[in-house]
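Undergrad: requesting a structural model of the entry that follows:
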Amino acid sequence: MAATKKKRVPQFPRLPKGPNGGIQLMLIQSVEHLGKSGDVIEVKPGYANNFLLPEGLAIVATDHHKRMVEKHRVKLQDLEKQRLVGLRTLADQVSKQSINVEANANDEGHLYGSVGATEIVAALKANGFHITADQVKLEGVLKELGLYTVKIQMHADITTELKVWVVPTAAH
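TA: Next up, the predicted model:
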């Protein structure tokens, strides 16, 4: 009786290769520096398997998925337009703001510590604006008392400026 060899079945289906040898995926959500929702992209296998697929940011680019996205592209564009209108409104409101950030300083106006994005975000939250620290674009930390103009990037296309006053902590 001769032993028959079993054909090895791969545990996971093979991901489709793109023309450049990478993995072809379709983005479910927009990913910065990669593409927008519905775009078909080609990335290295490790990036696809370790980040995009497990995080639910992309799916395998099959013909079925492409047809589904084309059907819903109009809805997606309307939702994106509404989101951009909301972000522009928020950017206009933020640009009209002037916030104070208290910090400990010496007599010459040099701070003992520094003021960074987290302190600016906290001051904005106190005023009712919900912005994340990665949206605050500083050219280094603020180390002196005074008025600073800080860029806030709401979206790739929407940037605004915010006036930040770094003031000494009130003596109790």
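Undergrad: give the contact list for the residue most central in space within the chain.
TA: Closest to where the C-alpha atoms of the chain average out (C-alpha atoms, centre = their mean) is E32, at 6.4 Å. Residues near E32 by C-beta atoms under 8 Å, 6 or more residues apart in numbering: A156. For every residue, glycine as well, the C-beta is placed using N, CA and C.
Undergrad: L34 now?
TA: L27, I41, V43.
Undergrad: okay, now the domains of this protein?
TA: Using automatic domain parsing, the domains assigned to the chain come out as 23-86, 92-168.
Undergrad: can the ones you listed go into a markdown table with extra columns for mean pLDDT and distance to L15?
TA: Shown next, in a markdown table, are the domains of the chain (pLDDT from 0 to 100; distance: least, C-beta to C-beta, whole Å):
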| stretch | mean pLDDT | distance to L15 |
| --- | --- | --- |
| domain 23-86 | 85 | 5 |
| domain 92-168 | 88 | 28 |
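Undergrad: export these to a markdown table and tack on distance to K5?
TA: A markdown table is the format used below for the domains of the chain (distance: least, C-beta to C-beta, whole Å):
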| stretch | distance to K5 |
| --- | --- |
| domain 23-86 | 28 |
| domain 92-168 | 54 |
